[in-house]
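> how would this look folded up:
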Amino acid sequence: MRKTFFVQTLLLALCLSALAITTRAQNSGGKKIAGIDTTGVEQKLIRIALQRPSYDATYRAVRTANHQLSEARNSWLNLLSLSLNYNDLDFKHYSSTATAPTYVYPKYFFGLVIPIGYIFSRGSEIRIARENQAIAKDARLEAERTIVADVKSKYRTYLNYQNMLDVQNIIVNDEQATFLQAEKNFRDGKASIDGYNTASKAFNGAILQQLQYKLMADQVKVDLEHVLGMTLEEALVQP
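Got it, this is the predicted structure:
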């Protein structure tokens, strides 16, 4: 009795564990292509693509726009122009009033110059710098969205062509076996030339389709590797 209860409890626990795993898998939102979970691989490829110099340049553009905005905000310091004049005769000591000059200059003089035109143009410069900053940030976000969509599209297309190629390889093997059997039957006089030609054309057509799928997969792979900046094999082994 106890042994039966233990087995039933174990089976119930296994069922609940399987249900929990299935629920987590459904809630994770992972996409599968031909039974392959590509979510983690896609994220890795996107992370590698975002490290390319073309995307890094957008970050530099944003930093440059930030510096330009700070420079425009601090440009009010350029309004200040300080000058100092002093009279060395007033600082000089004379032994008697007879030798001292009869005229008197100020010992020092300060002046402040404020360009009026710059005051009115400063607000426009700040607004222009702020708009350039917004444009740089929008360009960075747009570049990121483009790279993410490009990587996902190319990688999924590559996987699709690879799956089609795998299926076509099976078809080629089947057509080859059919052709070899038709060739043997034709040699033994058990089949007509029409049957032999039909099997030959089917085999050649399967090989041609196989080559086309291989070419399309290679082309998409080259485009993807251009976005990544490395071979796909190198990217997949990245940590």
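> packing partners of the lengthiest helix in the chain?
Using DSSP state H to define each element, the chain has its longest helix at helix 116-187. When contacts are defined as 3 or more Cβ pairs under 8 Å, 6 or more residues apart in numbering; DSSP states H and E, helix 116-187 packs onto strand 32-33, helix 39-49, helix 53-73, helix 193-228. The C-beta positions use only the backbone N, C-alpha and C, and glycine is treated the same way.
> buried residues, the longest one. List them.
By that I understand helix 193-228. By neighbour count on 16 or more other Cβ atoms under 10 Å, the buried set for helix 193-228 is 196, 199-200, 202-203, 206, 210, 213-214, 216-217, 220-221, 224-225, 227-228.
> got the contact list for the next helix or strand after it?
Going down the chain from helix 193-228, the next helix or strand is helix 232-236, by DSSP states H and E. Contact with helix 232-236 is made by V41, K44, L45, I48, Y158, K221, L224, E225, L228, as judged by Cβ atoms under 8 Å, 6 or more residues apart in numbering.
> report the mean per-residue pLDDT for helix 232-236.
Averaging pLDDT along helix 232-236 yields 91.
> again, but for stretch 60-67
The model assigns stretch 60-67 a mean pLDDT of 83.
> contacts for that stretch, please.
With Cβ under 8 Å, 6+ apart as the test, stretch 60-67 has contacts from A129, N132, Q133, I135, A136, K137, A139, R140.
> same deal with stretch 208-224?
45, 151, 154-155, 157-158, 161-162, 164-165, 168-169, 171-172, 232.
> ditto for stretch 140-151
Under Cβ under 8 Å, 6+ apart, the answer for stretch 140-151 is 42, 45-46, 49-50, 52, 54-55, 58-59, 61-62, 224, 227-228.
> low pLDDT regions in the chain?
1-39, 76-120, 122 (pLDDT under 70).
> for V62, give its distance to L45.
V62 sits 24 Å away from L45, going by Cβ to Cβ, to the nearest Å.
> ok, N169 next?
Distance, N169 to L45, by Cβ to Cβ: 25 Å.
> when the two are compared, which one has more neighbours?
The residue with more neighbours, out of N169 and L45, is L45; 24 against 14, by other Cβ atoms under 10 Å.
> who are the contact partners of that one?
Contacts for L45 (Cβ under 8 Å, 6+ apart) come out as V151, Y155, L224, L228, A235.
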